[in-house]
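[1] mind folding the following:
(chains A and B)
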Amino acid sequence: QSALTQPASVSGSPGQSITISCTGTSSDVGGYNYVSWYQQHPGKAPKIMIYHVSNRPSGVSNRFSGSKSGNTASLTISGLQAEDEADYYCSSYTRSSPYVFGTGTTVTVL
Amino acid sequence: EVLLLESGGGLVQPGGSLRLSCVASGFPFGSYAMSWVRQAPGKGLEWVSTISGLGDTTYYTDSVKGRFTISRDNSKNTLSLQMNSLRAEDTAIYYCAKLTYFDSSVYWGQGTLVTVSP
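    Model prediction:
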């Protein structure tokens, strides 16, 4: 049940694109197409941004997209905006438990 | 509108017990698995436990096995987490959540703070 590995921080200027990686193993990210991404602003509950690797809920900007290759899932934010500044977490199904979260990534808009 | 309202958090001494509750509304509670997720101060999200819709299957993260018990009362749309033998490292905001990978029907409560300290 080890946490999935994410970079501690990623930054970009307004309008740029950034990508957050989420690295696991063949027992979690690599073994199942069950990856979600959450956005969390300070003091708030997490918000679903991507489910089932690459599906975007209605109401979530199309600037957010998800993908997966092997044991690594990725969240890309294009056209970075000030409101995107937040913490982001990936989550995956695992062979031994229904959920494991990533270590979290703080996105800073320069 | 979906609402998940947690209660029961507070300050407890190491070795003590606490029972968290979560009342759900706005969706067919008994049809879905429910989970508890915690977040220590300044730290990341950690999945704690999940219970099936019928309550007949439960899952726990290793660090709480044997100490925490998840349960539900579908007649009252209520999810519970009984926490025993609490440790300082259990200090966190505890979120009640309906999680799924299959669609966007993911809901979180606002959380309840549990502080384990002498």
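[2] get me the contact residues on chain A for chain B.
    Proximity of chain A to chain B (Cβ under 8 Å from any Cβ of the partner chain) is limited to residues A:1, A:3, A:34-36, A:38, A:40, A:45-48, A:51-52, A:55, A:57-58, A:87, A:89, A:91, A:93, A:97-104. In short, each C-beta sits where N, CA and C put it, glycine included.
[3] what about the residue lying closest to B:Ser104 once chain neighbours are set aside, how many neighbours?
    Nearest non-adjacent residue to B:Ser104, counting by Cβ to Cβ, 6 or more residues apart in numbering or on different chains: A:Pro57, 3.4 Å away. Counted with other Cβ atoms under 10 Å in any protein chain shown, the neighbours of A:Pro57 add up to 15.
[4] so A:Pro57 sits right up against A:Lys47, yeah?
    No: taking contacts as Cβ atoms under 8 Å, A:Pro57 lies outside contact range of A:Lys47: 9.0 Å.
[5] and the strands in the chain?
    In the absence of a named chain, chain A is used. Along chain A, counting by DSSP state E, strands occupy A:9-12, A:18-23, A:35-40, A:47-50, A:64-69, A:72-77, A:86-92, A:100-101, A:105-109.
[6] let's do chain B instead
    Along chain B, the stretches classed as strands by DSSP E are B:3-7, B:10-12, B:18-25, B:34-39, B:45-51, B:58-60, B:68-73, B:78-83, B:92-98, B:107-108, B:112-116.
[7] which of these sits closest to A:Ser69?
    Closest approach to A:Ser69 among the strands of chain B is made by strand B:45-51 (23.5 Å; Cβ to Cβ).
[8] orientation of the closest one relative to strand B:34-39 in degrees?
    For strand B:45-51 against strand B:34-39, the angle by axes from the mean of the first three to the mean of the last three Cα atoms, to 10 degrees is 160 degrees.
[9] buried ones among the residues of chain A next to chain B?
    Among the residues of chain A next to chain B, those classed as buried by 16 or more other Cβ atoms under 10 Å in any protein chain shown are A:3, A:34-36, A:38, A:40, A:45-48, A:51-52, A:87, A:89, A:91, A:93, A:97-104.
[10] out of the strands of chain B, flag the one nearest A:Thr76.
    When the strands of chain B are compared by Cβ to Cβ, strand B:45-51 sits nearest A:Thr76, at 20.7 Å.
[11] quick one: residues in contact with that closest one.
    Under the criterion Cβ atoms under 8 Å, 6 or more residues apart in numbering or on different chains, residues A:3, A:38, A:40, A:46, A:89, A:91, A:97-101, A:104, B:33-40, B:57-61, B:64, B:68, B:70-72, B:79, B:81, B:92, B:94, B:99 lie in contact with strand B:45-51.
[12] just the terminal-to-terminal distance for stretch A:89-98.
    The first and final residues of stretch A:89-98 sit 16 Å from each other (Cα to Cα, to the nearest Å).
[13] now what about that stretch, what contacts it?
    Under the contact criterion Cβ under 8 Å, 6+ apart, stretch A:89-98 has outside partners A:1, A:4, A:6, A:20, A:22, A:24, A:27-29, A:31-32, A:34-38, A:40, A:46, A:73, A:75, A:99-102, A:104-105, B:33, B:35, B:44-45, B:47, B:50, B:59, B:61, B:99, B:101.
[14] centre of the chain to that stretch, how far?
    Centroid displacement of stretch A:89-98 relative to its chain, using Cα atoms, centre = their mean, to the nearest Å, is 13 Å.
[15] picking that back up, need the strands of chain B in TSV with distance to A:Gly15, can you?
    Converted to TSV, the strands of chain B look like this (distance: least, Cβ to Cβ, whole Å):
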stretch	distance to A:Gly15
strand B:3-7	36
strand B:10-12	46
strand B:18-25	40
strand B:34-39	31
strand B:45-51	29
strand B:58-60	42
strand B:68-73	45
strand B:78-83	43
strand B:92-98	33
strand B:107-108	30
strand B:112-116	38
